Each structure stands twice: as structure tokens, then as C-alpha cells.
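J.: A predicted structure for the sequence below; I have some questions about it.
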Amino acid sequence: MKQIIFFVVLFSYTLQAQILTEKERATVIDMVLEDRFNNLLPQLMDRTGFDMWILISREYNEDPVLKTMLPSTWLNARRRTILVFYRDKAKNTIEKLAVARYNVGKNIDSAWDKDKQPDQWKALIDIISERDPQKIGINHSKNFGILDGIVKTDYDEFIEVLPKEYHAKVTSAEKLAIAWIETRTEQEMEMYKELVRITHNIIEEAFSTSVIQPGTTTTDDVVWWLRQKVIDMGLKTWFHPTVDIQRSGEMLQNHIVSFSDRPKDKVIRPGDLIHCDFGISYLRLNTDCQQHAYILKNEEITPPDFLVKAFADGNRVQDIFTSNFETGKTGNEILLKSLAQGREEELRPSIYTHPLGLYGHSAGPTIGMWDAQQGVQGAGDYPLYENTVYAIELNTTVTIPEWKKDIRVMLEEAGFWGASGFKYVNDRQTELITIPKRK
């Protein structure tokens with residue numbers, strides 16, 4: 001409870017100061033890690049049936065999961081870093097050990113005295129033999145790249161020194177690693193609200209006359225303004241932002257052009273519908289957001305009704321989709337049910353939602369891809385669990401007779417699935433932003 005109070009106070013301060021200093025960030029990161037190791041990890045190991053989890057990495061070639069476990073002052077692993085987590089469910093204990101020369105921060109204790117045992121691999125085997133685990137997880141996975149962290153050299157050397165009686169006990173830690181990556185704690189959700197608020201505020205400034213001068217400013221100008229703004233704030237983007245235009249007289253492009261080959265330097269003009277895809281990285285969490293703005297013509301006070309209606313259709317697809325979230329349902333089941341329901345309402349939806357959190361394109365149930373609307377084998381077969389966050393990413397195609405063409409309303413917002421159901425982490429866009437603002 002004291003830690004949650006600290007978070008509330010800290011982020012109340014952040015609302016005034018905007019961004020935490022590096023020292024304050026380190027305090028938050030290490031506090032979150034302590035809570036995750038001591039309170040979350042035992043639950044996840046019990047849920048997935050592992051009593052030992054071994055992560056092996058070398059400096060600058062880190063397992064992506066191990067990377068999320070390093071303390072705030074460790075930017076990389078050191079030499080070969082081996083982490084061992086041992087769960088004794090009967091005693092309700094969790095050991096956090098490093099077969100390394102150093103303690104890994106305050107949470108993971110060094111368990112290797114090189115003077116007594118010069119061989120690091122043998123030191124690891126001693127730890128295993130002393131605890132005699134029944135199920136040992138290591139990070140390899142066919143369907144989730146983030147979880148495929150053990151390299152061939154480390155795997156081969158580990159198996160070579162591991163006693164034969166333990167070989168059958170070694171298995172993929174995929175389910176445990178997914179759970180670690182995807183599950184958000186109460187502390188992290190307090191942080192996430194602030195991350196999304198910051199993301200929305202940056203987009204609001206980008207989609208304003210302080211950045212966009214219709215007839216002069218290009219889409220690429222706005223993209224680089226977004227990149228520079230984030231750097232100036234002391235933050236990072238986890239992908240290069242995009243800004244694109246839909247307008248009367250221009251054909252709707254296919255998904256490949258829309259997602260990866262859009263024109264980069266188009267001048268923004270009155271009457272344009274503009275769209276951005278933008279996300280930040282802060283406090284080891286990531287956001288991913290897509291919003292729309294309309295460039296008002298001189299005589300206009302609000303966007304045309306046909307665009308307002310089209311945007312409402314986009315919100316409706318969001319509502320259909322998130323209403324179908326259900327713990328235990330796979331990503332593919334949620335996808336197909338949502339698409340069918342949208343089509344029954346004479347909408348033309350496309351859904352390509354991904355887990356969001358410690359990574360932008362994170363681990364967990366993939367709910368469609370733009371080029372796999374029939375379902376995603378492997379990642380789409382993973383079920384929905386509580387206390388997880390998703391980039392609710394989708395679009396709907398709408399025919400605009402006034403423009404004699406189709407447009408796509410492309411939306412993306414961070415959403416949380418928990419015991420009380422679905423909610424957006426920090427609201428969503430329900431009205432088109434107007435440039436200039438006239439409300």
C-alpha cells in the first residue's frame with residue numbers, strides 16, 4: 001500500500017513537472033521490479049507449473065526477457081549473465097539468483113564465487129542439483145520472437161554440462177515468459193495512465209496550428225516534429241512515427257502502401273483528413289496510438305457530417321471488438337467473432353491488435369494481422385489473461401459519396417483487460433481533432 005501511495009504522489013508531481021528525472025525513473029523502475037519479482041513471479045511460476053526458470057545471456061546479445069529484469073543502472077548484461085529463479089511452493093519462497101560475479105541490482109543475489117568454483121557452468125549445475133527442480137524452463141519459442149532468447153552456443157553448452165537425469169525436465173518456458181512479459185501490476189497501470197496521457201498530449205500539439213500550417217507543412221514535417229519533440233522531452237519512440245493524408249480525388253491505397261510505403265512528403269491542405277501512428281517508450285513501458293484530425297476549410301466550423309459519421313463507425317468497431325474480450329478465449333476466437341459481428345452490422349472492419357507493454361509489439365495473444373484476417377497460427381491461438389494491455393488497433397473502410405471514394409478510419413489506443421472487464425488505459429478519441437480548433 002505504501003508503494004501505491006508513493007506512485008500516486010509521484011505521478012501527481014509528474015502532472016506538474018511532466019517527466020521524471022533519470023534518478024526518479026531509476027527509483028520507479030527498481031520499485032516495480034521488486035514488486036514483480038517478489039509478488040508477481042511466484043504466482044506466474046505456480047500458474048505455469050515451473051519450479052525453476054533459467055535465463056542465460058551474454059553482454060550485448062541479451063535475451064529480450066532477461067533485459068526486462070535488469071535493474072535501472074544495468075543497461076546491458078555483464079559478461080555471461082545467468083539468472084536462476086527457484087520457486088518452492090510448499091515453503092512459499094522464491095529464490096532469485098545470479099550465476100555471475102555481481103549481484104544483479106538489489107533483487108538478484110550473486111550465487112557464484114569464482115575463487116571457489118572457477119567454472120561458471122559447474123556453478124550453475126551445483127545450484128540445480130542442490131534444489132532438484134521438477135520442471136526447468138529455458139527461453140525458446142517458435143511463435144514468439146521475444147521469448148526465443150537462448151542462443152545456440154549457450155544452449156549447447158548448458159545441455160552438455162547438465163546431468164542426464166535433468167534433460168527430460170528441461171522444457172520451453174514459453175508460457176511463463178509470456179506471462180512475465182504480458183502481465184501488468186497495479187503499480188505499472190498507474191504509470192501507464194501517465195504514459196498514454198503524455199502520448200495524447202504530444203499528438204494534440206502535433207495536430208494543431210503550432211505545428212501545421214495548411215498549404216505549407218508536409219506530412220514529413222510533422223513526423224520529424226514528433227521525433228524531435230520526444231527527444232526534447234527526454235523520452236524515446238519505439239518506432240518511427242507516420243503521418244498520412246486521405247482527401248477527395250485520391251484513391252484509397254492498399255494496406256501495403258498504407259502501412260509501409262506511404263508518400264512521405266505531401267503538403268497538408270484544407271479539407272484533408274490526416275492520420276498519425278505514434279508511440280513512446282518511458283519507464284520501460286510503451287504506448288501505441290493512432291488518431292485523426294481534419295483540416296477545416298475557411299468557411300467550416302466543424303468537420304463535414306460524412307466524416308463525423310465515418311469516425312463513429314470506427315468507434316463502433318472498437319466497441320464490438322472490445323465487447324468480445326473474454327478470459328480464456330484465444331486471439332483468433334476474439335478476432336473472428338468480432339469481424340463477423342461487424343459485418344452483420346454492415347461495417348467493413350479489419351482488426352490487427354497486439355499485446356502492448358514491456359515491448360511495443362509484445363508477447364501474448366495476437367488478435368489478427370492486417371494481412372491475416374482469417375487468424376494467426378501460433379500467436380493467435382494463445383488465450384487472453386487478465387491484467388494485460390493491448391494496442392486496440394483496427395480500421396473500418398467507409399464509402400464517402402461526397403469524395404467519390406472509400407476511406408479508412410484507422411484507430412489505435414491502449415486498452416486494459418482485468419477482473420472488471422475492459423477499459424481504455426486513458427480514454428480514446430471519440431471526435432475528430434480540428435485544425436484550427438474552433439470549439
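T.: Yep, that arrived.

J.: And the residue nearest the centre of this structure?
T.: residue 356 (2.1 Å; Cα atoms, centre = their mean).

J.: Quick one: residues contacting that residue.
T.: 286-288, 362, 389-391, 414 (Cβ atoms under 8 Å, 6 or more residues apart in numbering). Backbone N, C-alpha and C define where each C-beta goes, glycine included.

J.: quick one: low-confidence parts of this structure?
T.: For the chain, applying pLDDT under 70 flags the ranges 1-17, 255-264, 439.

J.: domain ranges for it?
T.: 2-180, 184-435 (automatic domain parsing).

J.: which of the ones you listed sits most buried?
T.: domain 184-435 (a mean of 18; mean count of other Cβ atoms under 10 Å).

J.: Just the terminal-to-terminal distance for it.
T.: 36 Å (Cα to Cα, to the nearest Å).

J.: distance between that domain and the chain's centre?
T.: Relative to the mean C-alpha coordinate of its chain, domain 184-435 is positioned 14 Å out (Cα atoms, centre = their mean, to the nearest Å).

J.: Over to stretch 38-45?
T.: Relative to its chain's centre, stretch 38-45 lies at 20 Å (Cα atoms, centre = their mean).

J.: just stretch 179-187 next, same as before
T.: Relative to its chain's centre, stretch 179-187 lies at 11 Å (Cα atoms, centre = their mean).

J.: My read is that residue 376 contacts residue 332, right?
T.: Yes - here residue 376 reaches residue 332: they are 6.6 Å apart, a contact under Cβ atoms under 8 Å.

J.: From the contact counts, what lies against the one helix or strand residue 343 maps to?
T.: Here residue 343 sits within helix 331-344, counting by DSSP states H and E. On a contact count with 3 or more Cβ pairs under 8 Å, 6 or more residues apart in numbering; DSSP states H and E, helix 331-344 meets helix 305-323, strand 349-351.

J.: Just put the ones you listed in TSV and tack on distance to residue 243.
T.: Below are the helices and strands packed on helix 331-344 laid out as TSV (distance: least, Cβ to Cβ, whole Å):
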stretch	distance to residue 243
helix 305-323	17
strand 349-351	20
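
J.: Name the next helix or strand downstream of the longest helix belonging to the chain, please.
T.: Longest helix in the chain by number of residues (criterion: DSSP state H): helix 186-206. For helix 186-206, the following helix or strand on the C-terminal side (DSSP H and E) is helix 219-232.

J.: Quick check: neighbours of the very next helix or strand once past that following helix in the sheet, parallel or antiparallel?
T.: Next along the chain after helix 219-232, taking DSSP H and E as the criterion, comes strand 242-246. Strand 242-246 has these partner strands in its sheet, going by DSSP bridges: strand 273-278 (antiparallel).

J.: ok, and what's touching the helix or strand following the strand it pairs with?
T.: Next in sequence after strand 273-278, counting helices and strands by DSSP H and E, comes strand 281-282. If you take Cβ under 8 Å, 6+ apart as the criterion, strand 281-282 is touched by 19, 195, 198, 235-238, 360.

J.: what's the following helix or strand after strand 281-282?
T.: Next in sequence after strand 281-282, counting helices and strands by DSSP H and E, comes strand 285-286.

J.: Contacts for that following strand, please.
T.: The contact list for strand 285-286, computed with Cβ under 8 Å, 6+ apart, reads 188, 191-192, 195, 238, 279-280, 356-360, 362.

J.: Specify the local secondary structure of the residue of the chain positioned farthest from its centre.
T.: Most distant residue from the mean C-alpha position of the chain: residue 116, 42.6 Å away (Cα atoms, centre = their mean). Under DSSP: H, G, I helix; E, B strand; the rest coil, the three-state class of residue 116 is coil.

J.: With residue 78 instead?
T.: Classification of residue 78 using three-state DSSP returns coil.

J.: So it sits against residue 100, correct?
T.: Yes - using Cβ under 8 Å, residue 78 is in contact with residue 100, at 6.7 Å.

J.: Tell me which residues touch residue 270, please.
T.: Here residue 270 is in contact with 214-215, 295-298 (Cβ under 8 Å, 6+ apart).

J.: 6 Å instead?
T.: Contact analysis of residue 270 by Cβ atoms under 6 Å, 6 or more residues apart in numbering lists 214, 295, 297.

J.: Can you add distance to residue 273 and give the residues you listed back as a markdown table?
T.: Listed next are the contacts of residue 270 as a markdown table, based on distance: Cβ to Cβ, whole Å:
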| residue | distance to residue 273 |
| --- | --- |
| 214 | 13 |
| 295 | 8 |
| 297 | 12 |
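
J.: No further queries at this time; thank you.
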